[in-house]
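Peer 1: Sharing a sequence plus its predicted fold:
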Amino acid sequence: MDLDFRTQAAAAAAQFAIDGVFDKVEPLRVGHIHHTFVSTWQQADGVRRYLHQRINDTVFEDVRGLMHNIEKVTAVLGETQHKGDLEVLSLVLTRSGRPYLNHDGGLWRTFDYVENTDTFNLCRDPKQAYQAAHAFGSFQVSLIDLNPDDLVEIIPGFFSPSARLWQLEGAFRRNLAKRADSVRKDFEFIQDRRHEVASFDDAQRSGALPNRVVHGDTKLNNILFDKASGLPRCVVDLDTCMSGWSLYDFGDLVRFTAAKSREDAPDPDLAGIDLKVYTGLYNGWIDSLGTHMQHAERALMPFAARMVTMIIGMRFLADHLNGDVYFHVQHEGQNLHRARNQFAMLRDMEEHADRMAPPTTGV
Ligand code: GN1
Ligand code: MG
């Protein structure tokens with residue numbers, strides 16, 4: 001599969017507006033959705049690299065809409081963002097000026113590769129957590145004047161707890177991969193928390209969870225950190241930038257970045273929340289987005305962390321029940337591990353609810 005895609009990647013790369021002589025292309029194992037490659041080119045002023053993705057058009061059915069959103073968002077970010085230190089992801093058009101390419105039925109896009117950066121699957125310390133939250137909070141601030149209706153709702157119901165619950169219940173009922181019996185306890189764990197989904201709906205109706213243009217996938221590894229300074233350089237993965245409840249981004253950030261173990265770790269007993277990292281995230285979020293937030297919204301920050309953890313856990317479990325058709329897996333049971341880590345994280349957050357809001361210590 002990889003070799004096949006790699007040959008296609010080389011052919012696709014040649015059709016983007018890149019100068020110089022092509023040298024090589026290599027796969028990059030990142031993300032659960034697309035296939036990603038990096039190509040190297042010899043140019044007049046030296047060697048340059050580019051990032052190519054074969055877009056998963058099962059997940060993103062409307063690729064034209066997806067790329068419209070990315071062009072729109074990067075244009076606005078280019079104007080507003082980061083009069084400070086952050087760089088904006090830069091899309092490379094095809095030789096005929098299009099944002100993506102259809103090559104032999106595969107849909108491809110290309111970005112400039114951002115050199116001299118690191119990504120992290122586990123947070124180093126509360127200071128890094130603060131910086132990450134500040135970067136994602138500033139990202140929302142930079143897009144605050146962008147009309148959400150200018151962006152396509154690229155995956156309907158993406159941020160909706162009730163839609164995710166409904167999808168999980170459907171997957172359990174249909175039992176396509178014949179795994180329902182072995183995850184009955186996990187399913188019950190969610191059933192016991194249906195009231196959280198109802199609380200979410202109430203909070204949203206009351207106006208305490210306003211919608212903004214959000215990033216939609218605020219995992220720590222969607223920030224490129226500068227190798228030399230250790231500071232955030234660029235927010236990446238703009239696929240899910242669209243209208244959503246603003247605190248979704250905070251919640252997603254917490255469930256991934258304040259986790260004591262990796263999302264894929266095989267032992268859910270090791271999962272849990274690091275409260276010092278959480279405090280860093282909380283402060284970074286307030287320091288960047290705080291002035292735009294209502295009082296009631298601030299009060300819901302710990303709730304958002306639990307809600308998104310539950311959402312992502314439900315999605316992993318549903319995909320396990322469906323036979324791993326959405327998130328890439330390297331081995332059987334991986335989506336179940338992912339789901340169980342989310343559930344263990346959620347349980348730990350519930351147990352520490354009193355220490356999550358409002359945090360009293362700074363970083
Ligand atoms: C997917 O591909 P990746 O890893 O950037 C997913 C996110 C989930 C995340 C869980 C379009 O993102 O929503 O939060 O996995 N992206 C999509 O790790 O479904
Ligand atoms: Mg993503």
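Peer 2: Nice, thanks for sending it over. This is a predicted model, so every value here is computed, not measured. Numbers count the residues shown, from 1 in each chain. Ligands and ions are numbered 1, 2, ... in the order given.

Peer 1: Tell me who's in contact with the closest residue to ligand 2 within the stretch 151-300 of the chain.
Peer 2: Here the residue of the stretch 151-300 of the chain nearest ligand 2 is residue 217; by C-beta to the ion that distance is 3.7 Å. Every residue, glycine included, has its C-beta placed from N, CA and C. The neighbours of residue 217, taking C-beta atoms under 8 Å, 6 or more residues apart in numbering as the test, are 237, 239, 240, 252.

Peer 1: near ligand 1, from the residues you listed?
Peer 2: Among the contacts of residue 217, the ones lying near ligand 1 by C-beta under 6 Å from any ligand atom are 237, 239, 240.

Peer 1: May I see those arranged in a markdown table, with neighbour count as well?
Peer 2: Written out in a markdown table, the entries for the ones next to ligand 1 among the contacts of residue 217 read as follows (neighbours: other C-beta atoms under 10 Å):
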| residue | neighbour count |
| --- | --- |
| 237 | 20 |
| 239 | 24 |
| 240 | 22 |
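
Peer 1: Looking at the residues you listed, which are in strands?
Peer 2: In strands, judged by DSSP state E, none of the ones next to ligand 1 among the contacts of residue 217 are found.

Peer 1: how about the strands of the stretch 201-350 of the chain, start to end?
Peer 2: Counting by DSSP state E, counting those that start in this stretch, the stretch 201-350 of the chain forms strands over residues 211-214, 223-226, 232-235, 242-245, given from the N-terminal end onward.

Peer 1: packing partners for the third one?
Peer 2: Which is strand 232-235. Under the contact definition 3 or more C-beta pairs under 8 Å, 6 or more residues apart in numbering; DSSP states H and E, strand 232-235 sits against helix 126-142, strand 223-226.

Peer 1: Show me how far that strand is from its chain's centre.
Peer 2: Here strand 232-235 is found 14 Å from its chain centre; the criterion is C-alpha atoms, centre = their mean, to the nearest Å.

Peer 1: Same question for stretch 145-159.
Peer 2: The mean C-alpha position of stretch 145-159 is separated from the chain mean by 15 Å, C-alpha atoms, centre = their mean.

Peer 1: Following the record's annotation, map out the domains of the protein.
Peer 2: Structural domains annotated on the chain: 2-115, 126-356, as defined by automatic domain parsing.

Peer 1: Residue 163: what's it in contact with?
Peer 2: Residue 163 makes contacts with 156, 157, as judged by C-beta under 8 Å, 6+ apart.

Peer 1: Point to the residue nearest the middle of the protein.
Peer 2: When C-alpha atoms, centre = their mean is applied to the chain, the residue found nearest the centroid is residue 217 (1.9 Å).

Peer 1: Many thanks, I have nothing further to ask.
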